[in-house]
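Participant: Give me coordinates for this.
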Amino acid sequence: MLAVTGALSAVAAAHVRLDTLNGGETLRIGETVTVRWTELESHSTIGWNVYYSVTGPRGPWLPVAIGLPVAARRVQWNVPAPAVGPSARVRIRVVQDNLRFSFEAVSEANLAIEASLTADRGAVSRATGGTQALTIDAGPRHAGARYWLLGSASGTAPGAQFGPFAVPLNPDRYLLDTAFAPSVGPLRMPFGILDAQGRAVVTLRWPPGLPAPFVGLRLHHAALVAAPTGPALRVVTNPVALTIDA
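Facilitator: Numbering: from 1, shown residues only. So this is what the prediction gives:
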């Protein structure tokens, strides 16, 4: 239906209120957050649509959920990796889809989407070896959560599905090793507990004199972050690459 914008934006704001993600929050790629809103004035509503923008309040708008039931007042959103890279101009938009005029609520200020996994370097030498320090940053909301770093030697797409979460690592022998034999290969302590800021550093160590076929090998790593107790996943980080040079 026709959305009320522009000159009627003040009127539109009185019909729907965004209760979460209204501005100022920092989100991490791969975490699940709740978009929650309140209907301030009822209409002949046929559903709700929720969108996000990574380029400010004018969009373009990308779908979070379309055609939610009339009674819906929240939706879970798995924060994606923006095509433009980490963004500090994120907005959420909730549209009350009505038979005649539709009304909306948009975040009053920008949010940010930041990487949840970063590296201090992207390559190590086959001849001299080296290290890559990977920093998991899930944010203070996930302080005390458990993490496990996994890897793949065969890329990130299409990846693997872990319940509702898409893990950006293709299944292969290296992934199985990092999952079930963590003392094998460059990882020695791929699991642990996030600190009070929701952070941890995991270091990959490569010895000097790796076999010649290792040259050009490209590995990717990503971390799974779970609740302090129980199996519930909270975050699947973005992947980070490492290349073995000559």
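
Participant: these two touch, right, residue 162 and residue 233?
Facilitator: Yes: Residue 162 is within contact range of residue 233, at 6.6 Å (criterion: C-beta atoms under 8 Å). All C-beta atoms are positioned from the backbone trio N, CA, C, and that covers glycine.

Participant: Distance from the longest helix belonging to the chain to the middle of the chain?
Facilitator: Looking across the chain with DSSP state H, the single longest helix is helix 173-180. Put simply, helix 173-180 sits 22 Å off its chain's centre (C-alpha atoms, centre = their mean, to the nearest Å).

Participant: List the buried residues for that helix?
Facilitator: Counting neighbours by 16 or more other C-beta atoms under 10 Å, one finds that the buried residues in helix 173-180 are 174-175, 177-179.

Participant: so can I have CSV of those residues showing pLDDT and distance to residue 198?
Facilitator: CSV is the format used below for the buried residues of helix 173-180 (pLDDT from 0 to 100; distance: C-beta to C-beta, whole Å):
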residue, pLDDT, distance to residue 198
174, 94, 27
175, 94, 24
177, 91, 27
178, 91, 22
179, 90, 22
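
Participant: re earlier: counting by contacts, list what the longest helix of the chain packs against.
Facilitator: strand 146-152 (3 or more C-beta pairs under 8 Å, 6 or more residues apart in numbering; DSSP states H and E).

Participant: Have a look at residue 162 and residue 233 and say which one is more surrounded.
Facilitator: Neighbour count, other C-beta atoms under 10 Å: between residue 162 and residue 233, residue 233 has more, with 18 against 11.

Participant: Spit out the residues that contact residue 162 and residue 233 alike.
Facilitator: Counting by C-beta atoms under 8 Å, 6 or more residues apart in numbering, the contacts common to residue 162 and residue 233 are residue 224.

Participant: Pairing partners for the one helix or strand residue 96 maps to, with directions?
Facilitator: Residue 96 belongs to strand 87-98 when assigned by DSSP states H and E. Using DSSP bridges, strand 87-98 pairs in its sheet with strand 45-53 (antiparallel), strand 101-106 (antiparallel), strand 111-114 (antiparallel).

Participant: For it, list every residue counted as buried.
Facilitator: Neighbour-count burial for strand 87-98, counted by 16+ other C-beta under 10 Å, picks out 87, 90-98.

Participant: swap in stretch 16-29?
Facilitator: The neighbour-count check on stretch 16-29 (16+ other C-beta under 10 Å) flags 16, 18, 21-22, 25, 27-29 as buried.

Participant: Just give the nearest non-adjacent residue to the residue of the chain positioned farthest from its centre, would you?
Facilitator: Distance from the C-alpha centroid of the chain, by C-alpha atoms, centre = their mean, peaks at residue 209 (36.4 Å). Closest residue to residue 209 apart from its sequence neighbours, by C-beta to C-beta, 6 or more residues apart in numbering: residue 127 at 6.9 Å.

Participant: Same question for residue 140.
Facilitator: Residue 140 sits nearest to residue 198 (C-beta to C-beta, 6+ apart), 5.2 Å away.

Participant: Now do the contacts for the one you found.
Facilitator: 137-143, 145.

Participant: Between the residues you listed, which sits nearest residue 110?
Facilitator: Lowest distance from residue 110 to the contacts of residue 198 (C-beta to C-beta) belongs to residue 139, with 16.6 Å.

Participant: how far away is the closest one from residue 30?
Facilitator: Between residue 139 and residue 30 the distance, using C-beta to C-beta, to the nearest Å, works out to 11 Å.
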